[in-house]
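Novice: fold the following for me, if possible:
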Amino acid sequence: MPRVSEISEISDSQAASVSSVTVQSQKAQASVSPRGLAEFEWLTAGAVVTVRRRRLVLAGMVVVAALVIIACTGWGATDLGGGEVLRAWWRLVTAGRLDETGGPVGVILFQVRLPRVLMGFLIGCALAAAGTTLQALLRNPLADPYVLGVSSGAALGITLATLLASTSILTQAPVVPVWGFAGGLIALVVIYRMAQCHGRLPIHGLLLAGVVLNAVLTALMMFITSIMEPVRSAGLIAWLMGSVTVREWGELLGIAAYVLIGTVWLWSYAPVLNLLTQGEETARSLGIDVERTKKRLYVVTALLVGAVVSVSGMIGFVGMVVPHVVRMAIGADHRLVLPAAALVGGMFLIVSDMVARTVLAPSEIPVGVVTALVGGPIFLYFLLAQKSRMV
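Specialist: Prediction:
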């Protein structure tokens, strides 16, 4: 049976041939039902992307992401001139060390804002990559860690760790993301079982199950916060509303390890995700162990979500909106969509955080509020559009 590394070596012409045959077969089947046609159109949008185009697009997006990161460090409660910001960055590039940037501008940029911006970028990357993977696995365009309750499950795990803090080595900082991972994975399994109907995952069933699970998990978190000491309870509630605040560079590096390893691992499965979106039978016919592959992807997705929720709380709609926008712009080839969605997700979240910390400066609003205000209406639009195509 071929490994993932072998599948990834399929040439663009071979992939296009497989995709063409599968698309024609699925289109014939989908024509029987408007619902089937709607699912077919979403799953097969976009052509197979050439290697040259992938490299050009990703290189361009990396440059744009770097520029957005630099720009976001220049905005905040303290007004810094554009010239001062550029000079501080130039000193960093030439000196090569953060402690040699000097002056109050350097301290604000590189000791306060840069860690926060990088943390937001990593969190956005992870949520968008997880959302892209879930949408491919569930073959459902509205799948998202927040909507499905995976984020709530991870948050409940972290809440339990907070409740038990200082009573066990299992609640120490490096281990806390594992609690989020366990909670997210359990929530994902529960939502899958609740929504599955005759081997399918209907959109409205998935959303209903997500609403129910979110309500139950939120109630449990509120109960736990109500029995905590007031100070810890207030801090936990503020965390649950979404934040990308980082206390030290060590915390940032710890989350970076989870996010980079998890996202790259998911990207290595992009060719397999392409086959899974064409149908599980197609994937099996090409030698993919579908069930084992899906389990691995679910576990890594839950690990990603659990890791970022442990520091950010529940930030919604990034994993649902960003993959949609990316697919609309560049097609549905996951070899390009997954890394592109990760980059766009990172940029979206740091821009949202910039708005959150400047719109009412010097006060801040939770970044989860900003993403919900942006993502909620877009989610509703996608839901209504999906419903109209199925009528």
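Novice: excluding chain neighbours, what is closest to residue 69?
Specialist: Once flanking residues are discounted, residue 69 sits nearest to residue 117: 5.6 Å by CB to CB, 6 or more residues apart in numbering. In this view, the C-beta of every residue, glycine as well, is placed from N, C-alpha and C.
Novice: roughly how far out does stretch 287-297 sit from the chain middle?
Specialist: Mean C-alpha position of stretch 287-297 versus that of the full chain (CA atoms, centre = their mean, to the nearest Å) differs by 21 Å.
Novice: pull out the buried positions in it.
Specialist: Neighbour-count burial for stretch 287-297 flags 288, 290, 293, 294, 296, 297 (criterion: 16 or more other CB atoms under 10 Å).
Novice: what about the helix or strand the last one falls within, average pLDDT?
Specialist: Going back to what we said before, that points to residue 297. In the assignment (DSSP states H and E), residue 297 maps to helix 290-312. The average pLDDT for helix 290-312 rounds to 88.
Novice: got it, and stretch 225-244?
Specialist: The pLDDT scores in stretch 225-244 average 85.
Novice: just stretch 194-201 next, same as before
Specialist: For stretch 194-201, the per-residue pLDDT averages 72.
Novice: tell me which residues are up against stretch 359-378.
Specialist: Here stretch 359-378 makes contact (CB atoms under 8 Å, 6 or more residues apart in numbering) with 76-77, 120, 238, 241-244, 312-318, 320-321, 324, 348-349, 352-353, 355-357.
Novice: selecting buried members of these in ChimeraX, what would you type?
Specialist: Typed into ChimeraX, the next command selects the buried ones out of the contacts of stretch 359-378 (criterion: 16+ other CB under 10 Å):
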select :76,120,242,243,244,312,313,314,315,316,317,318,320,321,324,348,349,352,353,355,356,357
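Novice: which of the contacts of stretch 359-378 fall in helices?
Specialist: Judged by DSSP state H, the contacts of stretch 359-378 include 120, 238, 312, 318, 320-321, 324, 348-349, 352-353, 355-357 as members of helices.
Novice: now tabulate those residues in a markdown table and tack on distance to residue 305.
Specialist: What follows is those, written out as a markdown table (distance: CB to CB, whole Å):
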| residue | distance to residue 305 |
| --- | --- |
| 120 | 16 |
| 238 | 20 |
| 312 | 10 |
| 318 | 11 |
| 320 | 13 |
| 321 | 16 |
| 324 | 18 |
| 348 | 17 |
| 349 | 14 |
| 352 | 18 |
| 353 | 18 |
| 355 | 23 |
| 356 | 21 |
| 357 | 24 |
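Novice: ok, so of those residues, who is nearest residue 140?
Specialist: Of all those, residue 320 has the smallest distance to residue 140: 10.3 Å, by CB to CB.
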